[in-house]
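Undergrad: Pasted the sequence and its predicted model underneath.
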Amino acid sequence: MRRLALSLVALSRLSADIELSGHFDLNTEAFPTRPDTKNKNAITATQTLEINYERDALTLFSKLYAQEAYYDITDDQQTERTFARVDELYAKYDFDYDSIKVGKSIEFWGALELRNIVDGFNPTELRNDLFSNDKLGVYNIAYSHYTDSGELSLITKVYEQEQKMAAYPYVYNFFPAFVNYDGTLKTEESSYRPSFFLKYSGSTETEYALDYAIIYENGYDSQRYFTTQTPSHLQPGVDFGKPTKFIQEAYIVNKIMTYDTLVVDTTLFKLEALYAKVDDNAYVGDYSHIALGVEHTLENFYESAALGLIAEYYRYDTYEDDKYNDKQLFETMQNDLFLGVRYSFNNENDTSIVGGGIFDLEYDEQAYYLSYESRVGESFKVAFDYNLIIPSTTDLTAYALLKKHQRLALNIAYHF
Amino acid sequence: MKLLLTLFLSASALLALSNEAVALKSEAVMKGYKDSIADMQMTLINAAGQKKVRTMKMKVLEGEEEDKSLMEFLTPADVRGTKFLSYEHVNKDDDQWLYLPALKRVKRIASKNKSGAFMGSEFSYEDLSAFNPKKYHYEGEAEEGELNGKAVYIGSATPLSKYSGYTKLVNYVDKESFLIQKTEYFDRKKELLKIALFGEYKKLDGVYRIGKIEMKNIQNDKTTILIWSNEKIKNGLKSRDFHKRYLKK
C-alpha cells in the first residue's frame, strides 16, 4: 500500500513537470494549373504533439507527427502521403558551461529567409508540398561547450535517413509516371557510417554586431542524387518513357559552411556559403553554393504596421564538367534572385502578409507567392497562400519537370 | 525685508530639484533587485472594448547600466515557446534575438528602431526596456503639481536616440517615494500619442517593483494593460543564464 502511494506521488510529480502542446491542421490545396494526369487538389489532416519534461538540468523532449491524405483514404491510386513520424525524441543535460544531447532531433542552421542552403543537417520530407519546411529528425549525439558569447559543438550523426516521396498522382511528385522511387537509399559506405559536424558560433560585441557560425563536416552530404537500375545511368531526354526504378544515393563529403548576420543600423546583411569536396564519386564532383541577403524593416510604416523588405541572391556551381550539373541534381537556386516583402500588421491577431518573387537569371524561370496569416480567437490560426511557378521552356530543370503550376491553399490550425 | 526675500528665494532654489535629479532618484529607488523572475499578463483592449490576453514569463538580470532579459511567451498557444532575448546597451544598439520554436530558429533582430509595437500591443520595445536616465536629455527644474491627490514632480525628458518613436516624455513622479506614476508620450509630430499609468508598486526585499502599467493610445483609442505577478528578486541568476543557448532550451 505504501509502495503504491509512493508510486502515485512520484507519478503525479512527474506529470506535473510534463508539458504537452501541439496543433491539429486541416490543409486544402487546389491546383488550377497542373499536368492533366495529376490530382487537381489535395486535402490533408495533420496532428503534431510535443511532450516536454524538464527537471533541473535534464530535458526530455519528443515531437510526434501524423498525417492523413484524402486520396489515400478514398482513392485506389495511393499518393503515399498518409504516415506517422517520430520527429524528435531526445534527452539533454545542461552543465554550467557544457551540454550533451542524445537521440533523434531537428536542428536549424541558417540566416536567410527564402532558403537556407547550409541547413542540411536534417533531410527534408519529400511527401509534402514543395513550399513546406518539413524536416525529418536524425539520430545524433551532440556535445557543446559554451563561452561567454559563443559555443563550440561536436555533433555526430549516427544514421543516414532515407527520404520517401509522394507517389505520382500527387502534384509535387516531380518524376514522370514511369518512374518508380520507393525511398530506397544507397549509401557509399554503411548507412551507420557516422557523419561528423564541428560547429563554432558566436556574436561579436563590435559597434556593428555580427552573429557568425562556421561548420566543418566529414560525412554524408545533404545533397543527394538519383541513379536508375533500368537503364543504369540517368540520361534525361534519352531514356525517358521506359519503366525505371530510381534509387537515391548518398556520398561522403568534406564540407565547410558558414552562416552570418551583420547588423548595421536597422538593416540586416546575411551570408550563407558552403564548399564541398567530394570523395571520388562517379556522379557528383566538388561544388559550392553561396547566398547573400539584405533585410530592412520600416517600423510604423502605416500606423503600427511594419514593412520588411528582403532581397537575396543564390549562386550554385559545380567544378567537374563530366559529372552531374545543377539540373541533374535538381538544384533550383543555382543563379536566382529573390525579392520579397513582409507586411506585419502588429495587431492583436498577429496578422501578416508575405509575398515575393524568385527570378532564375539563367533558365528564365519565375516563381511567385503571396500568403496571408492571422489568428482567429485564442486558439485558431488561418493561413491562405497562392503560388505560381513558370518553368523554363528550354532546360530540363526541377520546375520544368513539375510543369507550369498554380496553387491556392488554405490551412486552418487549432493550437493547444 | 529685501534680505528676507533673498534668503527665501535662495532656500527655494536649494529645495527645488532639477528634472535630471528627479529622474536619477526615480532610477535609484527601483535599483538593487539584482535579478527578477516574474509572470506577466498582457491584456490588449481594442477601441470596441474587446480583450485579448497574452501571458509571458520574464527573467531580468540587473546590470550597472545594462540589463539582460529573457522573455518566454506562454499564450496564445500558437506562439508558446517563442522567446525574446535582449542585452541592453547604453552606448550602442541593444543585442536582440528571437527564437521561433516551430522552425527551431534563432533570428537576429535589428534593434536600432525601438518604436515598433511589441506583440501587437500599445507598448513599443523602448517602453519595455528598463528606465535609464542616460538615454534622455533633461532641462531645468521639475515643476510641482498634483495627481490623484498625490504631490508630484512633473518634468519632461527628450530621448537622445534619433531612432526613438518619441520627441518628448512628460513624467509625473511621486514627491515622497520618487516612483513614476504617469508618463505622457509625444510622437514625432510632437502630438500626444500615449499615456501610461504606473501602479501596484510593491516593495520586495527593500526594493520597489512595478506591478501594473496601463498604456492608453490616445490616437487609436486602444489600451494595453501589463500586470506582473509571482515576482521574485535576488534569485542568484548569473550572466550565463542569459546565454543564447537558453533560447533553445
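TA: Done, it's in.

Undergrad: now the stretch 201-350 of chain A, which segments are flagged as low pLDDT?
TA: Scanning the stretch 201-350 of chain A for pLDDT under 70 picks out the ranges A:230-241.

Undergrad: now the strands for it?
TA: For the stretch 201-350 of chain A, applying DSSP state E, counting those that start in this stretch gives strands covering A:210-220, A:225-228, A:244-250, A:252-264, A:267-278, A:287-302, A:305-318, A:335-344.

Undergrad: What's the local residue count around residue 47?
TA: Just going to use chain A. 15 (other C-beta atoms under 10 Å in any protein chain shown). All C-beta spots, glycine's among them, are computed from the backbone N, C-alpha and C.

Undergrad: actually chain B
TA: 10.

Undergrad: Local confidence estimate at it?
TA: Residue B:47 carries a pLDDT score of 91 in this model.

Undergrad: leaving aside the residues next to it on the chain, what's closest to it?
TA: residue B:221 (4.1 Å; C-beta to C-beta, 6 or more residues apart in numbering or on different chains).

Undergrad: and that neighbour, backbone torsions?
TA: phi 70, psi 20 (degrees, to the nearest 10).

Undergrad: what's the distance between it and residue B:167?
TA: Residue B:221 is 22 Å from residue B:167, where distance means C-beta to C-beta, to the nearest Å.

Undergrad: What pairs with the helix or strand residue A:387 falls within, parallel or antiparallel?
TA: Using DSSP states H and E, the secondary-structure element containing residue A:387 is strand A:380-390. With DSSP bridges as the test, strand A:380-390 is paired with strand A:365-376 (antiparallel), strand A:405-415 (antiparallel).

Undergrad: after it comes which helix or strand?
TA: helix A:398-402.

Undergrad: what pLDDT, on average, does that next one get?
TA: Taken as a whole, helix A:398-402 carries a mean pLDDT of 91.

Undergrad: Then stretch B:134-152?
TA: Averaging pLDDT along stretch B:134-152 yields 93.

Undergrad: Just the closest residue of the stretch 101-250 of chain A to chain B, please.
TA: residue A:108 (4.3 Å; C-beta to the nearest C-beta).

Undergrad: Can you report how many residues neighbour that residue?
TA: If you count neighbours by other C-beta under 10 Å, residue A:108 ends up with 17.

Undergrad: do the same with residue A:332
TA: Neighbour number of residue A:332 under other C-beta under 10 Å is 21.

Undergrad: Residue A:30 too?
TA: Residue A:30: 14 neighbours (other C-beta under 10 Å).

Undergrad: Distance check, it against residue B:128.
TA: According to C-beta to C-beta, residue A:30 and residue B:128 sit 43 Å apart.

Undergrad: One more: residue B:149?
TA: With C-beta to C-beta as the criterion, residue B:149 and residue B:128 are 29 Å apart.

Undergrad: could I get the strands paired with strand A:380-390 as JSON lines with mean neighbour count and mean pLDDT?
TA: Converted to JSON lines, these look like this (neighbours: other C-beta atoms under 10 Å in any protein chain shown; pLDDT from 0 to 100):
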{"stretch": "strand A:365-376", "mean neighbour count": "17", "mean pLDDT": "97"}
{"stretch": "strand A:405-415", "mean neighbour count": "18", "mean pLDDT": "97"}
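
Undergrad: Nearest to residue B:195 among those would be which one?
TA: Of all the strands paired with strand A:380-390, strand A:365-376 sits nearest to residue B:195, with 27.7 Å by C-beta to C-beta.

Undergrad: Dump the C-alpha coordinates for the closest one into PDB.
TA: Output of strand A:365-376 as PDB, limited to C-alpha atoms (Å, rounded to 0.1, in the frame of the first residue of the first chain):
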ATOM      1  CA  GLU A 365      12.100  30.700 -64.700                       C
ATOM      2  CA  GLN A 366      10.000  32.600 -62.200                       C
ATOM      3  CA  ALA A 367       8.100  31.700 -59.000                       C
ATOM      4  CA  TYR A 368       5.700  34.000 -57.200                       C
ATOM      5  CA  TYR A 369       3.900  33.600 -53.900                       C
ATOM      6  CA  LEU A 370       1.600  35.500 -51.600                       C
ATOM      7  CA  SER A 371       0.500  34.400 -48.200                       C
ATOM      8  CA  TYR A 372      -1.800  35.800 -45.500                       C
ATOM      9  CA  GLU A 373      -1.800  34.500 -41.900                       C
ATOM     10  CA  SER A 374      -3.900  35.600 -38.900                       C
ATOM     11  CA  ARG A 375      -5.100  34.200 -35.600                       C
ATOM     12  CA  VAL A 376      -8.800  33.700 -35.000                       C
END
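
Undergrad: Could you pull out the helices in the stretch 1-150 of chain A for me?
TA: Using DSSP state H, counting those that start in this stretch, the helices of the stretch 1-150 of chain A run over A:2-16, A:70-74.

Undergrad: which residues touch the spatially most central residue of chain A?
TA: With distances taken as C-alpha atoms, centre = their mean, the residue of chain A nearest its centroid is residue A:133 (4.2 Å). By C-beta atoms under 8 Å, 6 or more residues apart in numbering or on different chains, the contact set of residue A:133 is residue B:103.

Undergrad: Which residues of chain B lie near chain A?
TA: Applying C-beta under 8 Å from any C-beta of the partner chain, we find that chain B lies next to chain A at B:44, B:46, B:52-53, B:75-81, B:92-93, B:95, B:103-106, B:108, B:110-113, B:115-117, B:119-120, B:163, B:165, B:220, B:239-240, B:243-245, B:249.

Undergrad: Among these, which ones are in strands?
TA: Among those, the ones falling in strands (DSSP state E) are B:44, B:52-53, B:75, B:95, B:105-106, B:108.

Undergrad: Please check these and keep the buried ones.
TA: Taking 16 or more other C-beta atoms under 10 Å in any protein chain shown as the criterion, what is buried in those is B:44, B:52, B:75, B:95, B:105-106, B:108.

Undergrad: Pull the most distant pair out of those residues.
TA: B:52 and B:95 (29.5 Å).

Undergrad: mind checking pLDDT for residue B:9?
TA: So, for residue B:9, pLDDT stands at 46.

Undergrad: coming back round to it: tell me, what's the model's pLDDT at the residue nearest to the centre of chain A?
TA: 84.

Undergrad: tell me which element the nearest residue to residue B:182 once chain neighbours are set aside falls in.
TA: Leaving aside its sequence neighbours, residue B:182 sits nearest to residue B:172 (C-beta to C-beta, 6+ apart; 4.0 Å). Element membership for residue B:172, per DSSP H and E: strand B:168-174.

Undergrad: Pull that strand out as PDB, backbone CA atoms only.
TA: Only the C-alpha atoms of strand B:168-174 are listed here, as PDB (Å, rounded to 0.1, in the frame of the first residue of the first chain):
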ATOM      1  CA  LYS B 168       9.200  64.100 -25.600                       C
ATOM      2  CA  LEU B 169       8.100  62.300 -22.400                       C
ATOM      3  CA  VAL B 170       6.400  64.100 -19.500                       C
ATOM      4  CA  ASN B 171       6.800  62.200 -16.300                       C
ATOM      5  CA  TYR B 172       4.800  62.500 -13.100                       C
ATOM      6  CA  VAL B 173       6.900  61.400 -10.100                       C
ATOM      7  CA  ASP B 174       5.600  60.900  -6.600                       C
END
